[in-house]
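**Student:** This is the structure alone, sequence omitted:
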């Protein structure tokens with residue numbers, strides 16, 4: 001409904017569930033489930049070739065990044081990515097996570113109940129969708145991920161780098177450890 005309000009052709013929208021295989025009895029998704037579901041999601045993305053992907057909650061974002069996030073250390077949470085546009089090199093699409101739409105609906109419900117509450121999430125959602133229109137025509141440019149790579153070979157360099165990184169709002173890094 002909101003997509004149509006901001007002028008996005010809803011006939012061109014595809015809604016895909018990130019978790020489709022609910023075979024775990026306790027509701028927790030094991031590695032087999034996550035792998036199977038991420039493969040289905042990736043196949044859908046490859047087939048549809050979207051220009052913008054809008055994960056609507058942390059589970060959707062985790063599934064989208066599942067194969068690329070495994071084994072990485074990160075301080076970022078889903079909410080650090082919300083209302084941003086991330087160029088995804090794998091899918092050649094913009095990833096534009098939003099806060100869970102239920103939060104927007106709660107804003108609207110609270111506003112109906114108490115006329116004095118100023119909605120917070122709903123205007124953010126609307127503004128984000130307005131920006132989606134711009135990104136529909138903006139290609140994701142390829143970049144060389146190794147252009148900014150630092151290889152740290154001694155402990156002091158690693159400690160100094162970690163001190164620098166700890167001041168950043170969010171980060172992700174890979175490491176290789178060879179004990180032989």
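**Tutor:** Looks like it arrived, so ask away. As the structure is a prediction and not an experimental result, all values here were calculated from the model.
**Student:** residues contacting residue 150?
**Tutor:** By C-beta atoms under 8 Å, 6 or more residues apart in numbering, the contact set of residue 150 is residue 161. All C-beta spots, glycine's among them, are computed from the backbone N, C-alpha and C.
**Student:** measure it to residue 162 for me?
**Tutor:** Summarising the geometry, the distance separating residue 150 from residue 162, computed by C-beta to C-beta, to the nearest Å, is 12 Å.
**Student:** same thing with residue 79?
**Tutor:** Spatial separation of residue 79 from residue 162 under the definition C-beta to C-beta is 23 Å.
**Student:** Same check on residue 143?
**Tutor:** Taken as C-beta to C-beta, the spacing of residue 143 relative to residue 162 amounts to 25 Å.
**Student:** ok, and for the longest helix along the chain, which residues are buried?
**Tutor:** Taking residue count as the measure and DSSP state H as the definition, the longest helix of the chain comes out as helix 31-48. The neighbour-count check on helix 31-48 (16 or more other C-beta atoms under 10 Å) flags 33, 34, 36, 37, 38, 40, 41, 42, 45 as buried.
**Student:** And stretch 79-94, by the same measure?
**Tutor:** 81, 82, 85, 86, 87, 88, 91, 93, 94.
**Student:** so of those, which ones are in helices?
**Tutor:** Secondary structure assignment (DSSP H) places residue 81 from the buried residues of stretch 79-94 within helices.
**Student:** Among the buried residues of stretch 79-94, which one sits closest to residue 52?
**Tutor:** residue 94 (4.7 Å; C-beta to C-beta).
**Student:** what bridges to the closest one?
**Tutor:** Applying DSSP bridges to residue 94 yields these beta-bridge partners: residue 52, residue 87.
**Student:** Touching, it and residue 137? I think so.
**Tutor:** No - if you go by C-beta atoms under 8 Å, residue 94 and residue 137 don't touch, sitting 10.7 Å apart.
**Student:** shared neighbours of those two, anything?
**Tutor:** residue 51.
**Student:** Can you list the low-confidence ranges for this structure?
**Tutor:** By pLDDT under 70, the low-scoring segments of the chain are 21-31, 66-76, 103-121, 145, 148, 169-180.
**Student:** Helices of this structure, residue ranges please.
**Tutor:** Under the criterion DSSP H, the chain carries helices at the ranges 2-5, 31-48, 58-69, 78-81, 101-113, 121-135, 155-166.
**Student:** now these as CSV including distance to residue 12?
**Tutor:** Written out in CSV, the entries for the helices of the chain read as follows (distance: least, C-beta to C-beta, whole Å):
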stretch, distance to residue 12
helix 2-5, 9
helix 31-48, 10
helix 58-69, 19
helix 78-81, 24
helix 101-113, 19
helix 121-135, 12
helix 155-166, 40
